[in-house]
Structures are given as structure tokens and as C-alpha cells.
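Trainee: The amino acid sequence is not available; the structure is as follows:
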């Protein structure tokens, strides 16, 4: 049984090169389906169909030749049995693999190792290089060292995709990743000196007062919207363009939650801040016993509200100068209240703040607690809306 030319063409009018670029944008650059389709001028529904077929037949397209992928896209057809499609893929993959093994390397292993070290160094300095930048760098290095290379390198003034795939295959320690956007303040602040000073202060307090896990507390604030913007996926009919989800309001209101937990795993009742001029009793309906709640114009922690939090903390933890506790929190301007600090000293609360702009690495609640808490909160918002149909969220 062989492939016929007529059956291998799925449809006319499809730019398979643009389709391949769109698929790479989704799989390699982690772009959204809609954004990748718009950027490459292809239909979103068609891109989704081809993307699903590529994912079903290729584990990692970063190590696959463009010619193989284009050939697969052209030959993918509903009329072709899946077994024949996989057979064709295996034949082409074996041909490409044998070719890539025998293809000569432009750089020596030591020279490629320098490229690897440079790429890793760029990532460590928060300036990672992209695929095109690596190809341009390879071309510049080959030109500088007068190494023999393909004529296409001189035309495009960058290394070929074939060289890139081979380079990544020879160095499996490298992988394409989507970087997290990190502000320059955080990059500069999170340094060895700042972190070392923090742990030296922590060690001094531990040696002086010998806190155990029940006497060490961590506090952090985070905003919770009454209408979560991101919700999970639901089961719907295939082919329907728009799938709606009922929400209690058009826009949500951001409420601040100050959460305090101990190193032993216990916690004190939450501390809420509502963005209202006046506090209403129904704001705290169905909240845990001992919950504290206040209102101000912004809904964010200020110095006066931080003083109220210290009172709330002392009331539940009950520290004394003879039985002190350690409270770890962010170095935020709202925490620099003389009244709050005096109240803490009077009741045996030793406050140690994290270095500025380092909470994304050092703050335990930021690193490991608030993300699952917010995920659970969103699921509870959805459950409430299902059980309270046609009710509007008022706040």
C-alpha cells in the first residue's frame, strides 16, 4: 500500500510554512493558540487541528527537521489510516536521523561547549538568548574562526535550523523554556550579600532566644478578587466557538488577606482589609471564629492597619517578654510603624524583615502557600456561584 499524491494533499490554500511557524510558536515559544495563529496569518481552528496531530505523533519537535515536519503537515489527511501516517513518519524520521548523524559538525566539541556555557551564563544574568540569537551567534563565531560552513549561512547571516537541532541534540542539558518576567529591582536586590545578612540576623535571634517551630511565625499579604479572572477548563461540545461561565459580577473587588502561619504548620485566624470607607458587619459573614477585618479606602495594608494586625497577632499568639516569638514579614513601608513596633517590643514579638525585593525567593508564603490557596479559592467561588444561581456578588 502506497500514498497517492491526491490523498496526501489535505486541502488547498494552506500555507504550510506559516502553519509550521505557528505550531513552533505554540510548542517551542509557549505562545497561545490565538496569538500564534494571528501572528502567522492562519486560522485558529485549522492551527488547533494540525497542532493536535503534531503532538500526537512527535514527542519533541525541537529535534526534528523542518522538512520532516512540513512533509508530515502536507501528508496529514483524514483519508489516510493512522497506521500509515505513523509508518511514513518513522521512515522519514529514520532517514533524517541517519543524515544528522553523518552530517559534519561546524564546531569542535570544545567550541560548542563554549557556546553552551555562554548561553547558560546569559540565563543566569537574566538575559537569555533565543533560537535566532543563538543561530546568529554561531554564524558570527564560524566567520571569526574561518570555519567551513554551508553557503546558506552567509545568505541568512545565521546558522541553519538543521545546525540548531543538531546542537540541541548533542547537548541535552539545554532546553527551551519560557522565562518569568523579573523586575530589575528584584534582580539587583537578590544578591549574596543581602541574603547572607538576613540569615546572619536570623541565626543571631535563634541563638539568643532558641525559638522552636511553634514560636516562629511568617506573615504575608495578598489580594483576592471577589470575581476570579482565571477559571479552570470545562467539558463542552466540540466546535462551539464561545463557551461561557456565569459570574456573580462583571468586575471583581480586590480584598487583602493577611495570612499568618507558624513553622509548625498552625495558623491564626485571618486578617482582612476591605476597600470601603466604612466597615459593615456582613463583610465577615461565615468567616472563621476570631477573624479580624477592617476597611480603608484602598483595601491595602497601611501603617494604622498594621498596628491593628499586631494587636490581632498578640491576642491569638499571646507572646510575652519571657516567652517571645519571632515574626518574619516583608520589608514594606506599611510595616514601619513606630506604634506597631513599640507594641511588638512590649509584648515580646521580635520582627525580622526579609531584604527588599527578595520575597519572591525568601518569603515562604509567597513561594509555596498562596498559589494553592488561590487555586482552592477559585474553585470555591465557582461552587458558590453554581449553588447560588442568579445571585449577584455585591461588595
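Mentor: Received the coordinates, thanks. All values derive from a computational prediction rather than experimental measurement.

Trainee: And the pLDDT for residue 185?
Mentor: Looking at residue 185, its pLDDT is 59.

Trainee: Then residue 389?
Mentor: Looking at residue 389, its pLDDT reads 67.

Trainee: Same question for the one 5 residues further on.
Mentor: The predicted local distance difference test score for residue 394 is 53.

Trainee: mind checking how far the nearest residue to residue 173 once chain neighbours are set aside is from residue 129?
Mentor: Ranked by C-beta to C-beta, 6 or more residues apart in numbering and with sequence neighbours excluded, the top spatial neighbour of residue 173 is residue 116, at 7.4 Å. Where you see a C-beta, it was placed from the backbone N, CA and C, and this is true even at glycine. Here the criterion is C-beta to C-beta, to the nearest Å. By it, residue 116 lies 11 Å from residue 129.

Trainee: And for residue 296?
Mentor: From residue 296 to residue 129 the distance is 46 Å (C-beta to C-beta).

Trainee: Pretty sure residue 54 sits against residue 64.
Mentor: No. The pair formed by residue 54 and residue 64 falls short of the contact definition of C-beta atoms under 8 Å, at 9.4 Å.

Trainee: Show me the shaky parts of the stretch 51-200 of the chain.
Mentor: 63, 77-104, 125-127, 180-190 (pLDDT under 70).

Trainee: Strands of the stretch 151-300 of the chain, residue ranges please.
Mentor: Residue ranges of the strands in the stretch 151-300 of the chain, as given by DSSP state E, counting those that start in this stretch, are 216-225, 254-262, 271-275, 292-296.

Trainee: List the buried residues in the longest one.
Mentor: Taking 16 or more other C-beta atoms under 10 Å as the basis for neighbour counts, the residues of strand 216-225 that come out buried are 216, 217, 218, 219, 220, 221, 222, 224, 225.

Trainee: Report the residue ranges of every domain in this structure.
Mentor: Per automatic domain parsing, the domain ranges recorded for the chain read 5-102, 109-170, 184-233+249-387.

Trainee: Output the ones you listed as JSON lines; include the columns distance to residue 176.
Mentor: Listed next are these as JSON lines, based on distance: least, C-beta to C-beta, whole Å:
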{"stretch": "domain 5-102", "distance to residue 176": "5"}
{"stretch": "domain 109-170", "distance to residue 176": "8"}
{"stretch": "domain 184-233+249-387", "distance to residue 176": "22"}
